[in-house]
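Q: A structural model of the following input is requested.
(chains A and B)
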Amino acid sequence: MDIRRIMETVNMIDNENLDLRTTTMGISLLDCIDSDSDHACQKIYDKITSKAENLVKVAKDLETEYGIPIANKRITVTPIALIAAASGDKDYVKYAITLDKAAKAVGVDLIGGFSALVHKGYQSGDRVLIESIPQALAETERVCASVNVGSTRSGINMDAVAQMGDIVIQNEKINPLQNGNLVIFCNAVEDNPFMAGGFHGVGEADVALNVGVSGPGVVKTALEKVRGESMDVVAETIKQTAFKVTRMGQLVGQEASKRLGVDFGIVDLSLAPTPAQGDSVANILEEIGLESVGTHGTTAALAMLNDAVKKGGIMACSHVGGLSGAFIPESEDAGMIAAAEKGILTVDKLEAMTAVCSVGLDMIAVPGDTPSETISAMIADEAAIGMINNKTTAVRVIPVPGKDVGDSIEFGGLFGYAPIMPVHKESSAKMIHRGGRIPAPVHSFKN
Amino acid sequence: MRAILTTVGQDKTGIIAGVSTFLAERGINILDLSQTIMKGYFTMMMVVDVDDSADFSALSSDLTGLGKKMGVEINIRNEKMYAAMHELSGGLD
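A: Numbering: from 1, shown residues only, chains lettered A, B, ... in the order given. All right, here's what the predicted structure looks like:
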């Protein structure tokens, strides 16, 4: 092989932050259902610790052999609301503690699936699970929760939207950082390897390995070589780069699943930024020619970026899934943080951007006195974008007690920090208190 | 396993000899070798045949140590990594 090609790869890894963002093992817990919650929790612990026993070791072996960092090793499980419903328990904190213990036993960073799917209505377990979220997140370190409140096929459950605003505020009162582990979705996917919104859907295999790739730094560097060229050239460059990045995910995922003896699920073709210098989606948009992310043209540039990443990535791997698109979290992207601090990037602009990329209002810090109805209304707006555009959208919003615009909150590590962004002061309460359901849109009736 | 060993650093005498001797002492055969100067740095690529039973992790860290001693950067990776990235059907089953 040509030495220049070899060195291109070496450079991507050594200097452009190329890594495999996550290897995530999805584990079905449907065979752990038991009317006795103690028995159920024992079965859950045993299954997770046996199926994922070698996950971290295999990932570390592959890191050495392929010389590529695998930033996170994680687990997703069947939504616990479905598993725990048979128990009749009044809260499901015990299940969350079990997930946390299992995650620690096998050495994964996070475990997702303390989840409920209520896009059309609640079953008995959904209500208990949602009410348990604040305490469950308070008593665990590695558990992630998610709730799906809407879908293109069924519309938006506005009762759930209202309730999730309250849950976010309850989390805020216990510890605002808890909201970093809670995602509220529309059109949640069953094979998402990324956290905090990952869970293992009921249509999935008993155990499957999904991987999420990243590589904003690699795309940025590639675009530096085509400055002044037309958008056609920019799109083509991103496509070719995405192919290379994604192929690495396909290779490592294939090898990992073979060694673990489990199905290889999907590759999630995402550009997932980190706060590290040179690992920013915002900086890609600025390289395309915007003075700052958030200014006019941002949505168009992001739409092209997201589409080109998919086009390159789809060709590179056998099965694509998860969220697959560019992530635009506020706190995890140095360029987004800078633009938000200057007031150029606003919640309204971010909302527009979420119509053309994955996933939604992510890691957005807002003033501590934001009413729950305003949080709910933000969730409703994002869910509407997802419902109408037939795509996944999500909200991970973090009200910070005692802080206002001009302040910031530190999350630490990969989560970075976030300046508090202004939200509209005008009330949405009367609409949120209506409850009920927003009917499914006309274009969902495709049969 | 076929692996690709890369060496990058300031050009000086003895780099190829140093790396080759290290490999020979461990019974690792060199299948292909090319070198060039890229951005002013000596850049070498070797395709090597590593026994499947070898401790790849130890080999990798020994090579990193050798690189430090010689003032260059040495990495070794499974060849599939490069093939998958740069060839349409490369590296994959």
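
Q: what's near enough to touch residue 57?
A: You didn't pick a chain, so chain A it is. By C-beta atoms under 8 Å, 6 or more residues apart in numbering or on different chains, the contact set of A:K57 is empty. (Glycine included, C-beta is placed from N, CA and C.)

Q: you looked at the wrong chain, it should be chain B
A: A:61, A:64.

Q: With just CA atoms, put the helix or strand B:T7 falls within into PDB.
A: Under the criterion of DSSP states H and E, B:T7 resides in strand B:2-9. The C-alpha trace of strand B:2-9 is given here as PDB (Å, rounded to 0.1, in the frame of the first residue of the first chain):
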ATOM      1  CA  ARG B   2       0.200  -9.000   8.800                       C
ATOM      2  CA  ALA B   3       0.800  -5.700  10.400                       C
ATOM      3  CA  ILE B   4       2.100  -2.300   9.300                       C
ATOM      4  CA  LEU B   5       4.900  -0.700  11.200                       C
ATOM      5  CA  THR B   6       5.400   3.000  10.800                       C
ATOM      6  CA  THR B   7       8.400   5.100  11.800                       C
ATOM      7  CA  VAL B   8       8.500   8.900  11.600                       C
ATOM      8  CA  GLY B   9      11.200  11.300  12.800                       C
END
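
Q: Contacts for it, please.
A: Taking C-beta under 8 Å, 6+ apart as the rule, strand B:2-9 contacts A:1, A:6-7, A:10, B:15, B:19, B:23, B:31, B:38, B:41-50, B:56, B:63, B:67, B:70-79, B:81-82.

Q: in it, what counts as buried?
A: Across strand B:2-9, burial judged by 16 or more other C-beta atoms under 10 Å in any protein chain shown covers B:3-9.

Q: Note down every partner strand of it and its orientation.
A: Applying DSSP bridges, strand B:2-9 is found paired with strand B:41-49 (antiparallel), strand B:72-78 (antiparallel).

Q: Let me have those in CSV, extended by distance to A:Y45.
A: CSV is the format used below for the strands paired with strand B:2-9 (distance: least, C-beta to C-beta, whole Å):
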stretch, distance to A:Y45
strand B:41-49, 44
strand B:72-78, 35
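
Q: Kindly reformat those strands as JSON lines containing mean neighbour count.
A: JSON lines is the format used below for the strands paired with strand B:2-9 (neighbours: other C-beta atoms under 10 Å in any protein chain shown):
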{"stretch": "strand B:41-49", "mean neighbour count": "19"}
{"stretch": "strand B:72-78", "mean neighbour count": "21"}
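
Q: Kindly reformat those as CSV and extend each row with distance to A:E410 and mean pLDDT.
A: Below are the strands paired with strand B:2-9 laid out as CSV (distance: least, C-beta to C-beta, whole Å; pLDDT from 0 to 100):
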stretch, distance to A:E410, mean pLDDT
strand B:41-49, 39, 95
strand B:72-78, 34, 95
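
Q: which one of those lies closest to A:G412?
A: Proximity to A:G412 (C-beta to C-beta) singles out strand B:72-78 among those, at 30.3 Å.

Q: residue contacts, the single nearest residue of the stretch 151-300 of chain A relative to chain B?
A: Proximity of the stretch 151-300 of chain A to chain B (C-beta to the nearest C-beta) peaks at A:L251, 4.2 Å away. Applying C-beta under 8 Å, 6+ apart, we find A:L251 in contact with A:66, B:80-81, B:84, B:91-92.

Q: Sticking with A:G201, tell me its helix or strand.
A: Short version, using DSSP H and E: A:G201 is in no helix or strand.

Q: Look up the pLDDT of the residue nearest to it when sequence neighbours are not counted for me, please.
A: Leaving aside its sequence neighbours, A:G201 sits nearest to A:E190 (C-beta to C-beta, 6 or more residues apart in numbering or on different chains; 2.2 Å). pLDDT for A:E190: 96.

Q: Ok, the one 5 residues further on next?
A: Here, the pLDDT recorded for A:M195 equals 92.

Q: Need phi/psi at it.
A: The phi and psi torsions at A:M195 (degrees, to the nearest 10) take the values phi -110, psi 150.

Q: how close does it get to A:A136?
A: Applying C-beta to C-beta, to the nearest Å, the value for A:M195 to A:A136 is 15 Å.

Q: Among those two, which residue is more densely surrounded?
A: The neighbour count for A:M195 versus A:A136, taken as other C-beta atoms under 10 Å in any protein chain shown, is higher for A:A136 (26 against 23).

Q: Helix or strand next in line after whichever strand or helix holds A:K311, which one?
A: If you go by DSSP H and E, A:K311 is part of helix A:298-316. Next along the chain after helix A:298-316, taking DSSP H and E as the criterion, comes helix A:334-341.

Q: out of the strands paired with strand B:2-9, nearest to A:P399?
A: Per C-beta to C-beta, nearest to A:P399 of the strands paired with strand B:2-9: strand B:72-78, 45.2 Å.

Q: Just the residues contacting the next helix or strand after the closest one, thanks.
A: Next along the chain after strand B:72-78, taking DSSP H and E as the criterion, comes helix B:79-86. Residues outside helix B:79-86 that contact it (C-beta under 8 Å, 6+ apart): A:1, A:5-6, A:8-9, A:66-68, A:244, A:247-248, A:250-251, B:1-4, B:47, B:90-92.

Q: Get me the contact residues on the stretch 1-150 of chain A for chain B.
A: A:1, A:3-10, A:14, A:61, A:64-68 (C-beta under 8 Å from any C-beta of the partner chain).

Q: and the two most separated of those residues?
A: A:R4 and A:D61 (28.8 Å).

Q: more crowded one of the two?
A: Using other C-beta under 10 Å as the criterion, A:R4 and A:D61 rank with A:D61 on top: 16 against 12.

Q: Tell me the pLDDT of that one.
A: pLDDT, read off for A:D61, is 94.

Q: Which helix or which strand is home to it?
A: Using DSSP H and E, A:D61 falls in helix A:55-66.

Q: B:L33 too?
A: strand B:29-38.

Q: B:G67 too?
A: helix B:56-70.

Q: Please give the centre-to-centre distance between that helix and its chain.
A: Centroid separation for helix B:56-70 versus its chain: 10 Å, with C-alpha atoms, centre = their mean, to the nearest Å.

Q: Just want the angle from that helix to helix A:55-66.
A: Orientation check (axes from the mean of the first three to the mean of the last three C-alpha atoms, to 10 degrees): helix B:56-70 against helix A:55-66 gives 40 degrees.

Q: What average pLDDT does helix B:56-70 get?
A: The average of the pLDDT scores along helix B:56-70 is 95.

Q: just stretch A:206-225 next, same as before
A: Mean predicted lDDT for stretch A:206-225 stands at 93.

Q: Next: stretch B:16-23.
A: Here the average pLDDT along stretch B:16-23 is 95.

Q: Is there any residue in it that contacts chain A?
A: No. Using C-beta under 8 Å from any C-beta, stretch B:16-23 never reaches chain A; the gap is at least 14.0 Å.

Q: So what's the residue count around A:D279?
A: 26.

Q: just checking, A:V143 touches A:I111?
A: Yes. Counting by C-beta atoms under 8 Å, A:I111 is a contact partner of A:V143 at 5.8 Å.

Q: list the residues that contact both of these two?
A: A:99-100, A:103.

Q: Enumerate every residue touching A:V202.
A: Per C-beta under 8 Å, 6+ apart, neighbours of A:V202: A:28, A:30, A:78-79, A:82, A:190.

Q: which one of these has the most neighbours?
A: Busiest of the contacts of A:V202 [other C-beta under 10 Å] is A:P79, holding 29 neighbours.

Q: Skipping adjacent residues, who's closest to that one in space?
A: Among residues not flanking A:P79 along the chain, A:S115 sits closest, at 3.9 Å (C-beta to C-beta, 6+ apart).

Q: Since that was my last question, I'll sign off now.
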